[in-house]
Structure formats: C-alpha cells, structure tokens
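Undergrad: Fold the following for me, if possible:
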Amino acid sequence: MKQLVAYITAGFPDTQFSLDLVAALKDAGVDKLELGIPFSDPVADGPVIEQANLMALQKGFTMETLFDVTSHAAPLLETYWMGYFNPFYRKGMDFFAQKALEYGVKGFIIPDLPHEESISYQKLMQQSALSLISFVAPTDSKERIATVVKDAKAFIYLVAYAGITGSHASEDLTKTIQAIKEYSTTPLFVGFGVNEKTAKERAKGVDGVIVGSALVEVMLDETLSLSDRITKIATRARIIKEKINA
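TA: Just a heads-up that it's a prediction; the model follows:
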C-alpha cells in the first residue's frame, strides 16, 4: 500500500490543536508525520505554509512547543522534524539529535541543506540511528541522483517540480523516478503540489506522497471552528490516501 506523509506546522494555531490533529490524521490513514518547525524565511514553501510559519512565530512558538507536540505525536505516528537549516545550525545538530532520540523522532527533513554539506552530519546520524532525508529534483542529472540516493535512509523526497510547495506546476517525473530506482531501493515519496485532485497522478511509480499546503490551508481558515478544521483536514487526508491506492 502506498503511504501518505502529512506535513503540519507544529503548535499552530495552538498546541492542543496540533495534538488533536495528529490523532485525527492517524485515524484518517496517515502513515508518517512531517512536523514543521516554524521559520521566518521558509524558502522552499509557498504562501500557505509561509503564512502558517509566520503566524506560529507571532503566537510565540518556541522549541518547547515543538517538543511538547512531538512528545504526544511520535508515539502515534512515525515523526520527522522538518525545518530550515538555520535553527539546526544555531542550536547545533548534536542538540537536535539528542532531542530527537529523547522524543522518539525518526529523522530530519532540511530542504535548504545541500547534499554536499549534509555529508558532514552522516556520522552523527548513524550514531543516533536517525535519518537525514535526501532530496531529488527533476532537474538533477542521473549522475547527481546516483550520488544523492546512494546512502538514502527512511525515504527519498522527490520534489515534483522546480519551485515552491503548494503550486500546481507539473513535470513528467518518469525518467527521474526510473533513475532513482536504478540506484536505490529506499522508498520514494513525491511532494509539492499534492492534493485531492493531483494525488492519484503524482503517486504513479512511487511509494507514497507528501501533502502539506492542502492541509495547512485549512489550518489557516478562520471561518471554521478549530474542530471543523480538524475534521476537514482529516477528510482531505483520507480522500488522498484512498486515491493514491485506488
């Protein structure tokens, strides 16, 4: 069965909402959780996730918020911390590795950390039994794909197109998928622009999809009560899970 990875912004709009949402996502069939660490300049993310990041920071997000949400989320869903390199650099990768082990996190997703720079953290990741998720883009050459996925752990994040999350852009990923599978047997998930309409197509040839903006846009919808937002997000997740496995 193809897997569904759900991204949510940690602690937004508040901690209890995150906890209730994680439980609802698990019930909806989500397999893995990408728990976003709010950052002021999320360069790979589109306006939806950027807005959630900024609002979370304005509401007083701290690392303790992340740890509080994680302590409840990780026992329910296989959890990865998704964030930009600045917080990891400032606090130290050693600090995050220690906290990940303490809270049961499986690894890190850092979109602005180039593969060449991530190599220096491989030993720490191995010692901590953590995964630093590898990214592949459709613009990557076959030679680069071979290098990036050679030691990939947990899963490979295939960016569906060159751009930002939440866009409806589309590219033919067939050759990229073939190249990745030629060099790695690690599960391959595709992200960027996955929603109810695109999920079935995006899931072709891969092991699962990553959904972010389609869920976070509901988190931002202040015309809905918090409980209604959770219900709507869970419904979207359930529909996407059904479609990728239809």
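Undergrad: Look up phi and psi at residue 4.
TA: Torsion angles at residue 4 (phi, psi; degrees, to the nearest 10) stand at phi -120, psi 120.
Undergrad: To clarify, my last question referred to residue 104.
TA: phi 80, psi 20.
Undergrad: got the contact list for the closest residue to it other than its chain neighbours?
TA: Distance criterion Cβ to Cβ, 6 or more residues apart in numbering; nearest residue to residue 104, sequence neighbours excluded, is residue 74 at 3.7 Å. Just so you know, the C-beta spots here come from the backbone N, C-alpha and C atoms, and that holds for glycine as well. Residue 74 makes contact with 103, 104, 105, according to Cβ atoms under 8 Å, 6 or more residues apart in numbering.
Undergrad: just residue 157 next, same as before
TA: So residue 157 contacts 109, 133, 134, 135, 136, 189, 191, 210 (Cβ under 8 Å, 6+ apart).
Undergrad: Among these, show me the least confident.
TA: Within the set of the contacts of residue 157, pLDDT is lowest for residue 191 (93).
Undergrad: does the closest residue to that residue other than its chain neighbours count as helix, strand or coil?
TA: In this structure, residue 191 finds its nearest non-sequential neighbour in residue 210, 3.3 Å apart by Cβ to Cβ, 6+ apart. Three-state call for residue 210 (DSSP: H, G, I helix; E, B strand; the rest coil): strand.
Undergrad: Verify the stated contact: residue 73 with residue 18.
TA: Yes. Contact criterion Cβ atoms under 8 Å: residue 73 and residue 18 qualify, at 7.4 Å.
Undergrad: Can you pull out the low-pLDDT segments for the chain?
TA: Residues of the chain meeting the criterion pLDDT under 70: 41-45, 161-171.
Undergrad: try 80
TA: Where the chain drops to pLDDT under 80, the residues are 40-46, 161-171.
Undergrad: can you give me the strands in it?
TA: 3-9, 32-36, 78-82, 107-109, 131-132, 134-136, 156-159, 188-191, 208-211 (DSSP state E).
Undergrad: What is the burial count for the nearest residue to residue 237 once chain neighbours are set aside?
TA: Nearest residue to residue 237, sequence neighbours excluded (Cβ to Cβ, 6+ apart): residue 28, at 4.2 Å. Using other Cβ atoms under 10 Å, residue 28 is surrounded by 20 other residues.
Undergrad: Any figure for the gap between residue 28 and residue 9?
TA: 18 Å (Cβ to Cβ, to the nearest Å).
Undergrad: I'd like the distance between residue 37 and residue 53.
TA: In terms of Cβ to Cβ, residue 37 sits 9 Å off from residue 53.
Undergrad: Going along the chain, name the helices of this structure.
TA: 15-27, 47-58, 63-73, 85-91, 93-103, 115-118, 122-127, 142-149, 174-183, 199-202, 213-219, 226-244 (DSSP state H).
Undergrad: Buried residues of the fourth one, list them for me.
TA: Of the residues in helix 85-91, those with enough neighbours to count as buried (16 or more other Cβ atoms under 10 Å) are 85, 87, 88.
Undergrad: From the rest of the structure, what touches that helix?
TA: Here helix 85-91 has contacts from 37, 39, 63, 96, 108, 110, 112, 113, using Cβ under 8 Å, 6+ apart.
Undergrad: hang on, the residue nearest to residue 191 packs against residue 34?
TA: Yes. Contact status for residue 210 versus residue 34: in contact at 6.6 Å, counting by Cβ under 8 Å.
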